[in-house]
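>>> Sequence plus the predicted model coming up.
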Amino acid sequence: MSYSIFICGVGGQGLVLLTSVIGRACARSNKRAITGEMYGLSQRSGTVSVHLRIGDDAHSPLIPYGSADALVALEATEALRYIEYLRKGGLALVNGRIMHPPIETSRLLADKSASYFSLEEILKRLRSWTDKVVVVDALKIARESGNPNVENTVFLGCLSALRDLPVDEKSLRESLAETVPKGTVEQNLKAFDAGKKTAIEALCSFGVCRA
């Protein structure tokens, strides 16, 4: 059986690097992995999404609607944009960070009584689709790790705590150290460990954590 992860966020958050690390880890573990990447205006913080499928029966790089086992959203509103890819009852790992698009700001300028779409509203809608929603303050964790640009690695650590991920933690850590710039390896590994620690309690409460 294949395991499918839909990863989404905005340009500049390192989704492609995150996917590359997982792909290298799959190669280390002799696991078949295929990806399909889609870019919007990624140079201007536009939407970016990645289909990642792991397993011998994964023949197409694209995940059918309602079939992803896990949704990883490095930006909260992007989770709503792509929630239809997640199977009912699947796992949603969601960054608590919201990066409001310019069109929303323009709406607020035109209507002074309007307000920004909140994280609470996003989570309410996500939980109508699945009860397995884990919110991660990845930016805070990244900053505490010494580098605010390693939010993607925080989520890699979160994934490492997931029981059904068909890649072991050792392979993920080794692939991470090989892939990121040499001067940031220590910060990335620290972010990885912090992400794992942050997610494991919530994952265990859902019965999907690694022992």
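Cool, the structure landed.

>>> Give me the distance from the longest helix anywhere in the chain to the chain's centre.
Selection of the longest helix in the chain by residue count, based on DSSP state H, yields helix 185-205. The gap between where helix 185-205 is centred and where its chain is centred comes out at 13 Å by Cα atoms, centre = their mean, to the nearest Å.

>>> average model confidence for that helix?
Taken as a whole, helix 185-205 has an average pLDDT of 97.

>>> any idea whether the residue nearest the centre of the chain is helix, strand or coil?
Nearest residue to the geometric centre of the chain (Cα atoms, centre = their mean): Val72, 2.8 Å. For Val72, the assignment made with DSSP: H, G, I helix; E, B strand; the rest coil gives strand.

>>> how much space between it and Leu162?
10 Å (Cβ to Cβ, to the nearest Å). C-beta: built from backbone N, CA, C; applies to glycine.

>>> so Met38 touches Leu62, yeah?
No - assessed by Cβ atoms under 8 Å, Met38 is found out of contact with Leu62, at 9.2 Å.

>>> between those two, what contacts are shared?
His51 (Cβ atoms under 8 Å, 6 or more residues apart in numbering).

>>> Show me what the longest helix of the chain is in contact with.
Helix 185-205 has contacts (Cβ under 8 Å, 6+ apart) with 91, 93, 134, 136-138, 141-142, 144-147, 150, 153-158, 160-163, 169, 172-173, 176-177, 180, 209-210.
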